[in-house]
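Enquirer: Predicted model follows, preceded by the sequence.
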Amino acid sequence: MGLGISVVGPVPTGGLIVSNHVSYLDILALSTLVGCSFVSKREVRHWPIFGAYAKMGGTIFVDRERRSAVADVAELMQRHLDEQIPISLFPEGTSTGGDVVLPFRSSLFEPVVHLGHPVVPCGLRYSLPGGSVPDDVAYWRDMTLATHMPKLLTKIGLHVEIHFGSPRTGRDRKELSRALHADVCSLAGLAPLSAR
């Protein structure tokens, strides 16, 4: 898709990667660079093109409407992580315009605190000369793939900087979630919501 990628920090070879979420391009960039699987909302399974690739890539689908669903994915995550397959997670639960990192859903960290694997924070920073990240790159609000992707494919010079931070571990999911949120904000070059 003509996406330029540059990296700051050591690329993880295992564990869980936690990142801000701007676009479906996040998935392409991270999977190209790291070769990871993803934890995704179950609706993605039925998306045209991306749903098929998600299934082939070993995506772990979670039903975020069911309270017990997070516990259901713990075993699948354990298998991936034990096999040294990195897993990427977007704990905001949705994508944004790239100008903010929404609060993380701490329930998504429950399996991680029990598994004991490292969690690597990641910040994605998009740039588009002559274009707008919120309007042209970000996939959010009420956008549809049918209108967004053809428009995006006409853009030239699209680039993402992927910043990886230091791994964290923790025994309390809420504390871990807050610490990782601060890390991801810093790595994405964004102020936390509380500082605005």
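Expert: Thanks, I have the structure now.

Enquirer: Every contact and neighbour count from this point should use C-alpha atoms.
Expert: Will do.

Enquirer: Strands of the chain, start to end?
Expert: Applying DSSP state E to the chain gives strands spanning 4-8, 16-19, 37-41, 60-62, 87-89, 119-127, 159-164.

Enquirer: which residues touch the last one?
Expert: Taking Cα atoms under 8 Å, 6 or more residues apart in numbering as the criterion, the residues outside strand 159-164 that touch it are 3-12, 120-128, 187-188.

Enquirer: now it, how far from the chain's geometric center?
Expert: 12 Å (Cα atoms, centre = their mean, to the nearest Å).

Enquirer: Next: the second one.
Expert: Relative to its parent chain, strand 16-19 has a centroid offset of 6 Å by Cα atoms, centre = their mean.

Enquirer: what ranges do the helices span in the protein?
Expert: Counting by DSSP state H, the chain has these helices, from start to end: 25-34, 50-56, 69-82, 110-115, 145-153, 173-187.

Enquirer: Could you dump those into CSV with mean pLDDT added?
Expert: Output for the helices of the chain, formatted as CSV (pLDDT from 0 to 100):
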stretch, mean pLDDT
helix 25-34, 92
helix 50-56, 85
helix 69-82, 80
helix 110-115, 79
helix 145-153, 87
helix 173-187, 96
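
Enquirer: Can you tell me which of those helices is most buried?
Expert: Sort those by mean neighbour count, taking mean count of other Cα atoms under 10 Å, and helix 173-187 sits at the top with a mean of 20.

Enquirer: on that earlier part again, quick one: which of the helices of the chain is nearest residue 42?
Expert: helix 50-56 (9.5 Å; Cα to Cα).

Enquirer: Identify the residues contacting the closest one?
Expert: The contact list for helix 50-56 (Cα under 8 Å, 6+ apart) reads 38, 44-46.
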